[in-house]
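*Asks:* give me the fold of what follows.
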Amino acid sequence: MRKIILSVILITILVLTFISNFIIADNPIPAEAVKFDTGDTAWMIVATAFVLLMTPGLGFFYGGMVGKKNVISTMLQSFMAMVIVTILWVVVAFGLAFGPTIGGIIGNPSTNLFFEGVGTSTAWSLAPTIPFMLFALFQAKFAIITPALITGAFAERIRFWAYLLFMVLFIIIIYAPLAHMTWHPDGVFFKMGVLDFAGGTVVHMSAGWAALAGAIFLGKRKIQKVNPARITYVLLGTGLLWFGWFGFNAGSALGSNGLAVQALGTTTVAAAAAAMAWVFLDKILGHKLSALGACIGAVVGLVAITPAAGFVSISHAIFIGLFAAIVSNLVVSKFPKGKIDDALDVFACHGVGGMVGMLLTGVFASKAINPAVGDNQGLIFGTPTLFINQLTALVVVSIFAFIGSYILFFIVNKITPLRVTEEKEELGLDISQHGEFL
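*Replies:* Have a look, this model is predicted:
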């Protein structure tokens with residue numbers, strides 16, 4: 001049956017792309033094309049490449065943490081996100097996220113099927129200095145890494161084909177609505193005044209809550225405590241993530257400007273502060289200063305600063321990194337490992353880090369840093385409205401992402417089993433799922 005389904009998918013895509021000019025309405029290029037800023041365009045091309053590099057970086061980051069017999073499968077889950085989500089984004093998901101609004105919740109995909117109307121001579125309303133296609137491709141990289149982040153929670157026990165199906169459903173049903181509500185000018189969160197510079201709700205909270213749902217639904221691994229296969233992979237992955245995150249955050253300024261530089265600065269110091277706080281707290285709690293701890297701390301800082309990167313000062317970014325690392329470290333230490341097997345602490349790092357960042361954006365956002373903040377500045381400036389909006393969005397997104405993801409896991413499991421058999425788990429996913437090994 002799976003062979004038939006895959007054959008139908010391939011043939012359908014071949015046919016639709018071949019005859020696309022006959023079945024999709026033609027949108028002619030305007031007589032006077034938009035004049036773009038070459039500096040902004042050049043930077044956003046680079047930033048887009050930076051963000052894509054984060055996903056293989058995540059593969060190394062996760063792959064180094066799992067047991068040796070699951071390294072290839074874990075890394076391939078990230079790699080396949082680049083493959084599947086790219087095509088899905090072009091075919092339908094971009095329209096769902098950024099198409100004409102339907103009730104402020106989701107976009108109408110019919111306008112941009114197969115990137116129809118997403119060209120190089122028009123622009124997105126909030127990014128007028130770069131081609132529309134460049135904006136769409138930049139956003140594609142955010143969609144790619146989000147389901148890849150989730151994989152750390154159910155590492156070492158999920159069937160690969162079931163993961164691919166979940167990933168497709170997650171992008172369509174969870175990710176696209178959140179992106180639309182948060183970043184589309186007609187989205188409900190956007191109109192509320194919720195601030196999310198580069199993906200605290202859309203990427204990290206959605207991934208964190210989906211990870212928790214997956215860990216609960218799939219249950220515990222037979223052997224939960226395994227020696228990390230390659231700490232050097234984790235170090236390499238962290239370096240690639242940190243490097244790529246400059247595109248993730250500074251690129252979200254959508255131009256080569258002072259706001260991009262501000263986001264670059266806040267990203268730099270938040271990651272460093274969080275790494276420092278993590279290893280210091282480890283020592284305070286009686287643990288050794290470890291490479292793994294330093295890497296996890298840096299990533300937590302990057303996660304936490306993401307929603308705030310273009311809204312807060314450098315000093316407040318340091319506070320965000322320090323505070324997020326302390327909270328996430330304590331959650332990792334206290335998380336009920338015996339009951340919920342979030343293999344690589346995705347919820348504690350990405351989910352909690354994203355929530356801390358969202359709330360602290362509501363505390364520290366300043367119109368002196370970004371005039372778009374307006375009079376609804378952070379709580380520290382005496383105005384509570386933004387903080388209440390951030391808290392409201394946090395609650396809504398948490399409920400939606402967790403319950404929605406749990407339902408998706410349930411549906412996928414009804415279609416095809418999510419979890420490998422005990423024999424295949426014991427053998428390792430590299431061999432049992434892919435016929436390869438280190």
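*Asks:* where do the helices sit along the stretch 201-350 of the chain?
*Replies:* 206-218, 231-250, 258-284, 291-305, 314-334, 346 (DSSP state H, counting those that start in this stretch).
*Asks:* redo those as a markdown table? Include mean pLDDT, mean neighbour count and distance to residue 180.
*Replies:* C-beta: built from backbone N, CA, C; applies to glycine. As requested, these are exported to a markdown table (pLDDT from 0 to 100; neighbours: other CB atoms under 10 Å; distance: least, CB to CB, whole Å):
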| stretch | mean pLDDT | mean neighbour count | distance to residue 180 |
| --- | --- | --- | --- |
| helix 206-218 | 97 | 26 | 13 |
| helix 231-250 | 98 | 22 | 19 |
| helix 258-284 | 97 | 22 | 22 |
| helix 291-305 | 97 | 28 | 22 |
| helix 314-334 | 95 | 22 | 26 |
| helix 346 | 96 | 27 | 24 |
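*Asks:* could you look up the next helix or strand downstream of the helix-or-strand element of the chain with minimal mean pLDDT?
*Replies:* Scoring the helices and strands of the chain by mean pLDDT, DSSP states H and E places helix 20-23 at the bottom, with a mean of 68. Downstream of helix 20-23, the next assigned helix or strand under DSSP states H and E is helix 38-63.
*Asks:* just checking, what packs against that following helix?
*Replies:* helix 71-88, helix 132-150, helix 231-250 (3 or more CB pairs under 8 Å, 6 or more residues apart in numbering; DSSP states H and E).
*Asks:* which stretch among the ones you listed comes nearest residue 158?
*Replies:* Closest of the helices and strands packed on helix 38-63 to residue 158 is helix 71-88, at 8.2 Å (criterion: CB to CB).
*Asks:* can I get the closest one as CSV, trimmed to CA atoms?
*Replies:* Provided in CSV are the C-alpha atoms of helix 71-88 (Å, rounded to 0.1, in the frame of the first residue of the first chain):
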residue,chain,number,x,y,z
VAL,A,71,22.7,8.6,14.9
ILE,A,72,21.9,8.2,11.2
SER,A,73,18.2,8.0,11.7
THR,A,74,18.1,11.1,14.0
MET,A,75,20.2,13.2,11.6
LEU,A,76,18.2,12.0,8.6
GLN,A,77,15.0,13.2,10.3
SER,A,78,16.3,16.7,10.1
PHE,A,79,17.6,16.3,6.6
MET,A,80,14.3,15.0,5.3
ALA,A,81,12.5,18.1,6.8
MET,A,82,14.5,20.1,4.3
VAL,A,83,13.3,17.8,1.5
ILE,A,84,9.6,17.4,2.3
VAL,A,85,8.8,20.8,3.8
THR,A,86,10.4,22.6,0.9
ILE,A,87,8.1,21.0,-1.6
LEU,A,88,5.1,21.2,0.7
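*Asks:* just the C-alpha atoms of the next helix or strand after it, please, in PDB.
*Replies:* For helix 71-88, the following helix or strand on the C-terminal side (DSSP H and E) is helix 94-98. Taking C-alpha atoms only, helix 94-98 is exported to PDB below (Å, rounded to 0.1, in the frame of the first residue of the first chain):
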ATOM      1  CA  PHE A  94       3.100  29.200   1.900                       C
ATOM      2  CA  GLY A  95      -0.400  30.200   0.800                       C
ATOM      3  CA  LEU A  96      -1.800  28.800   4.000                       C
ATOM      4  CA  ALA A  97       0.600  30.900   6.100                       C
ATOM      5  CA  PHE A  98       0.700  34.100   4.100                       C
END
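*Asks:* ok, back up a step: now render the helices of the stretch 201-350 of the chain as TSV, adding distance to residue 361.
*Replies:* Below are these laid out as TSV (distance: least, CB to CB, whole Å):
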stretch	distance to residue 361
helix 206-218	16
helix 231-250	13
helix 258-284	11
helix 291-305	9
helix 314-334	8
helix 346	21
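*Asks:* looking at those helices, spot the one closest to residue 107.
*Replies:* helix 206-218 (16.6 Å).
*Asks:* coming back round to it: want to throw the helices and strands packed on helix 38-63 into JSON lines with distance to residue 209?
*Replies:* Shown next, in JSON lines, are the helices and strands packed on helix 38-63 (distance: least, CB to CB, whole Å):
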{"stretch": "helix 71-88", "distance to residue 209": "18"}
{"stretch": "helix 132-150", "distance to residue 209": "9"}
{"stretch": "helix 231-250", "distance to residue 209": "20"}
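*Asks:* output the below-cut-off pLDDT ranges for the stretch 301-438 of the chain.
*Replies:* Scanning the stretch 301-438 of the chain for pLDDT under 70 picks out 336-338.
*Asks:* now do the same contact list for the nearest residue to residue 330 once chain neighbours are set aside.
*Replies:* Among residues not flanking residue 330 along the chain, residue 281 sits closest, at 7.9 Å (CB to CB, 6 or more residues apart in numbering). By CB atoms under 8 Å, 6 or more residues apart in numbering, the contact set of residue 281 is 325, 326, 329, 330.
*Asks:* which residue, other than its chain neighbours, is closest to residue 87?
*Replies:* Closest residue to residue 87 apart from its sequence neighbours, by CB to CB, 6+ apart: residue 13 at 7.3 Å.
*Asks:* number of nearby residues for the one you found?
*Replies:* 13 (other CB atoms under 10 Å).
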